[in-house]
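J.: A predicted structure for the sequence below; I have some questions about it.
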Amino acid sequence: MSTLISHTPIWQALQTHQRTLTAVHLRDLFAQDPQRFVKYSLSACGLFLDFSKNHLTGETFNLLLDLARKVALESRIEQLFQGDNVNNTEQRAALHTALRNHSQYPILVDNKDVMPAVNAVLAKMRQFSETVNQGKWLGYTGKRIDTLVNIGIGGSDLGPLMVVRALKAFHIQPLRAYFVSNADSTQLAEILADCNPETTLFIVASKTFSTQETLLNAHSARRWLIEKLGTPMAVARHFVAVSTNTQLVQDFGIDTANMFEFWGWVGGRYSLWSAIGLSIAVMIGMDNFEQLLAGAHAMDRHFASAPLAENMPVILGLLGVWYSSFWSANTHVILPYDVALEHFPAYLQQLVMESLGKQVTKQGINVDYATCPISWGTLGNNGQHAFYQLLHQGTQLVPADFLVAIESQHSLGEHQFAVLSNALAQAHVLMQGRTVAETRETLQVTGLQAEALEAAIPHRVFKGNQPSNTLVYQKLTPQVLGALIALYEHKTFVQSVCWGINAFDQWGVELGKQMASTFLTELKNTKPSQGYNSSTDGLLNYIKTRLV
Ligand code: F6P
């Protein structure tokens, strides 16, 4: 599309419609239509979505679907799945769906079916993970591996970290896993202090194999291992690599027989399904990893085939566009009521903000509408005692997603009733609020009267009207988790299509990396730095004189 979507009649119709809805409280929408829950909920791939607590009427829904048609969403989904160059600024496909293509239909990249290569790497991952799990992968001194350390950052860390944590109940004993990502040596040093060099296996995970933090950590871990085991020969038994760059893996000193390949058409933040998920495969076993892929594949099929009005990622994506671009909602909060999902909000931050934090369209035209919201969140139950105050009585519109497991990974009597009742109560109260009249009535019962009563009311009123989605699943299995992650991947894609932006590049991270390399030289140069600006020069020089 060469013109901005905001200049089309459908966009303007949504703007006009939004103005008519600002005066309507969500509780009124429920009062007007007892069928809201039935109308605005659906199931797919083990997930149940209630999206009825949104600023949405039948008219809104139809207009949003018109927007989807206007941007030719269905054919854009087709292009994504068939391996077109959807990532136009890097001239490549974004084929994370091929990595979990359990239907095995051929997917062509440069006229070549990628499925045989995908299957070959999966087979290699199976063989490796089974060897480790059966205690047959021995360290240099002949001991079985009991500790994995994944060294990576961004997509080479957040996805595996999130999934390995989420599926702890499926871990194969006696393995334990650590994740090192930060350049601050404290992280690696603290982890190494817990590791036995004879039984530790490092997985160096980096798509490019040139990421500063990852290489720093990998080199330091290698030095530690050699120092502890007394010989560089030990590296071959304690280091494997996951990358697209064979040459750099070789240059690092890892035997390419111990390298797990993936491809340029897998984006970093979409890569946990590839060999980047090796730590997952080892920790939960390859059969469970395949279940994770199967769950994602089921969501892929749903996304590719369900009509727009019954398509879960499409609905979530359209609602995301609705709030960012039409309701000026600057943020979107993720609230899992499932401890297993404790790293899910952090994982989503990269998925959402690296994909959608863009200011120009695919054609390089500046947008004149808001795109990506700030994605944030934490475990809902903990958030209640921290930031929910703002959600209930602050001044901002904050759309929320509640993620609710009916069953916990570990059942301990009453706990799950508390979890579920809290999740339901919060979504309810955020939507419903408590009016002045209701507040007065409640306070009168406590005995408050006259001036004291009137003074107390404003502080106890809940405006409500905060929209939310509630996603419910029975229990977090590998399959359900796969579907959940794929749901958010596709939601993100839907938003990118509506906004006309490329969800698969990340040029915004480059300038900082380049400047860091300049400042690395500055910091090592004892001469005073000058010529940047007084703040940067001042800070460089302040720190330089104190470096030990
Ligand atoms: O700097 C951002 C980024 O390129 C992410 O997109 C990516 O997931 C991360 O760095 C790590 O990159 P790599 O896997 O190449 O080390």
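T.: That came through fine.
J.: all contacts plus neighbour counts: C-alpha atoms, from now on.
T.: Fine.
J.: My read is that L138 contacts R144, right?
T.: Yes. Contact status for L138 versus R144: in contact at 4.7 Å, counting by C-alpha atoms under 8 Å.
J.: overlap in contacts of the two?
T.: Counting by C-alpha atoms under 8 Å, 6 or more residues apart in numbering, the shared contacts of L138 and R144 are 132, 199.
J.: Does the helix or strand A13 falls within pack against any helices or strands, and if so which?
T.: Element membership of A13, judged by DSSP states H and E, is helix 9-21. Counting contacts by 3 or more C-alpha pairs under 8 Å, 6 or more residues apart in numbering; DSSP states H and E, helix 9-21 packs against helix 58-70.
J.: What mean pLDDT does the helix holding A13 get?
T.: Helix 9-21 shows a mean pLDDT of 98 in the predicted model.
J.: in the helix or strand that comes right after that helix, what counts as buried?
T.: Using DSSP H and E, the helix or strand that follows helix 9-21 in sequence is helix 26-32. Going by neighbour count (16 or more other C-alpha atoms under 10 Å), the buried part of helix 26-32 is 26, 29.
J.: can you check stretch 215-234 too?
T.: By neighbour count on 16+ other C-alpha under 10 Å, the buried set for stretch 215-234 is 215-218, 221-222, 225-226, 234.
J.: before we move on, what about stretch 27-47?
T.: Neighbour counts over stretch 27-47 (16+ other C-alpha under 10 Å) mark 29, 36, 40-42, 44-47 as buried.
J.: got the contact list for the nearest residue to S274 once chain neighbours are set aside?
T.: The spatially closest residue to S274, leaving aside those adjacent along the chain, is L99, at 6.1 Å (C-alpha to C-alpha, 6 or more residues apart in numbering). Shown in contact with L99 (C-alpha under 8 Å, 6+ apart): 118, 273-274, 293.
J.: what helices or strands is the lengthiest helix in the chain leaning on?
T.: Using DSSP state H, we find that the single longest helix of the chain is helix 478-499. Applying 3+ C-alpha pairs under 8 Å, 6+ apart, we find helix 478-499 packed against strand 47-50, helix 73-82, helix 286-305, helix 312-321, helix 344-356.
J.: now it, how far from the centre of its chain.
T.: Chain-centre distance of helix 478-499: 9 Å, with C-alpha atoms, centre = their mean, to the nearest Å.
J.: for the record, mean pLDDT for it?
T.: Taken as a whole, helix 478-499 has an average pLDDT of 99.
J.: Output it as CSV, nothing but the C-alphas.
T.: Included here for helix 478-499 are C-alpha records, laid out as CSV according to Å, rounded to 0.1, in the frame of the first residue of the first chain:
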residue,chain,number,x,y,z
PRO,A,478,4.0,-28.0,26.0
GLN,A,479,1.2,-28.0,23.5
VAL,A,480,-0.8,-25.2,25.2
LEU,A,481,2.4,-23.1,25.6
GLY,A,482,3.2,-23.6,21.9
ALA,A,483,-0.2,-22.4,20.9
LEU,A,484,0.0,-19.4,23.3
ILE,A,485,3.3,-18.2,22.0
ALA,A,486,2.2,-18.6,18.4
LEU,A,487,-1.0,-16.7,19.2
TYR,A,488,1.1,-13.7,20.3
GLU,A,489,3.4,-14.0,17.3
HIS,A,490,0.5,-13.9,14.9
LYS,A,491,-1.2,-11.1,16.8
THR,A,492,1.9,-9.1,16.3
PHE,A,493,1.9,-9.9,12.6
VAL,A,494,-1.7,-8.7,12.3
GLN,A,495,-0.9,-5.4,13.9
SER,A,496,2.1,-4.9,11.6
VAL,A,497,-0.1,-5.5,8.6
CYS,A,498,-2.7,-3.0,9.7
TRP,A,499,0.0,-0.4,10.4
